[in-house]
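1. Following is a predicted model, sequence given first.
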Amino acid sequence: MTKKAAILVAGGRGSRMGGPVAKQYLPVAGEPVLMRTLSVFYHVDPAIDLILVLPQNDFLYWKELCKDYQFTIPHRLVAGGNSRFQSVRNGLNSLKPETELVAIHDGVRPFVKQEVIEESFEVAARAGSAIAVIALKDSIRKLRDDGKSFYEERQYFRLVQTPQTFLVEKIKKAFAVTELQQFTDDATVYENQGWQVTLISGNAENIKITTPEDMDYAEFIAAKQLSDR
Ligand SMILES: Nc1ccn([C@@H]2O[C@H](COP(=O)(O)OP(=O)(O)OP(=O)(O)O)[C@@H](O)[C@H]2O)c(=O)n1
Ligand SMILES: C[C@](O)(CO)[C@H](O)COP(=O)(O)O
């Protein structure tokens with residue numbers, strides 16, 4: 001059986017969300033965002049090695065939160081870094097030697113579908129990588145520095161989500177480089193090695209909770225999930 005791990009990165013401060021409590025700990029329909037995300041991965045496969053990357057200073061707070069919510073899904077804590085890239089790298093460095101596949105996922109994307117995670121592991125096992133993306137619904141304009149804007153054919157673009165799942169051997173090699181500005185996700189780190197990434201379909205509700213209005217939408221999605229059960 002292939003040894004799988006999932007690194008859920010939640011080492012950020014949520015500056016665009018604002019507020020006294022970082023967004024990854026905020027309750028959505030009564031359950032903190034990170035507990036929701038951990039649960040989805042756990043239900044895909046309870047044997048997945050779950051790694052949660054948090055700011056080191058939040059470890060105690062998180063452990064207390066788990067007690068308060070009686071949250072018992074097993075996971076390991078790893079200290080985050082100053083950027084998402086560094087947080088992911090810390091997570092990769094904590095993988096057990098026998099791990100063959102790793103899904104890297106934003107902790108603040110609690111509505112990823114189990115089917116997307118499952119497909120990401122299947123495709124990454126065959127192709128080396130699997131990056132969840134969705135098509136655009138709106139038209140797009142490309143901006144130029146001179147203030148002009150131009151039509152672009154939206155069928156050639158995709159919005160990038162997580163999970164981004166990889167063969168461990170390859171993604172660890174890819175992350176053993178100096179951080180570059182274009183490393184806004186893990187696919188860009190992988191392709192920096194000259195390797196082509198493989199895209200899979202994500203799910204529309206798999207939003208990255210980023211700004212306050214996302215919390216309203218998150219409440220809506222959580223309520224819908226409950227009524228669809
Ligand atoms: N040093 C960092 C920065 C970000 N992240 C994580 O990467 C994911 C995507 O980042 P983003 O949505 O930008 O989160 P924040 O950095 O927390 O938000 P902001 O940019 O608004 O401060 C989040 O789960 C975030 O916690 C991380 O693990 N370590
Ligand atoms: C990884 C990511 O969620 C893919 O869309 C995104 O690049 C993270 O960006 P952020 O600026 O760190 O939120």
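-> Alright, I've got the coordinates. Ligands and ions are numbered 1, 2, ... in the order given.

2. How about the residues of the protein by ligand 2?
-> By the rule CB under 6 Å from any ligand atom, the part of the chain lying against ligand 2 is 84, 106, 160, 161, 162, 184, 185, 208. Backbone N, C-alpha and C define where each C-beta goes, glycine included.

3. ok, 8 Å please
-> Residues of the chain lying close to ligand 2 by CB under 8 Å from any ligand atom are 12, 84, 106, 109, 159-162, 164, 184-186, 208, 210.

4. Burial check on the closest residue to residue 59 other than its chain neighbours, number of neighbours?
-> Spatial nearest neighbour of residue 59, chain neighbours left out: residue 77 (5.7 Å); criterion: CB to CB, 6 or more residues apart in numbering. The number of residues packed near residue 77 is 15, by other CB atoms under 10 Å.

5. Select the longest strand from this structure.
-> strand 159-167 (DSSP state E).

6. so how far is residue 139 from the residue of the chain most remote from its centre?
-> Most distant from the centre of the chain: residue 146, at 35.1 Å, with distances by CA atoms, centre = their mean. Separation of residue 146 from residue 139 (CB to CB, to the nearest Å): 21 Å.

7. counting contacts, what elements does the helix or strand just after the longest strand of the chain pack onto?
-> Sequence order places helix 168-174 as the next helix or strand after strand 159-167, per DSSP states H and E. The contact analysis (3 or more CB pairs under 8 Å, 6 or more residues apart in numbering; DSSP states H and E) places helix 168-174 against helix 84-93, strand 101-106, helix 186-191.

8. With that, I have no additional questions.
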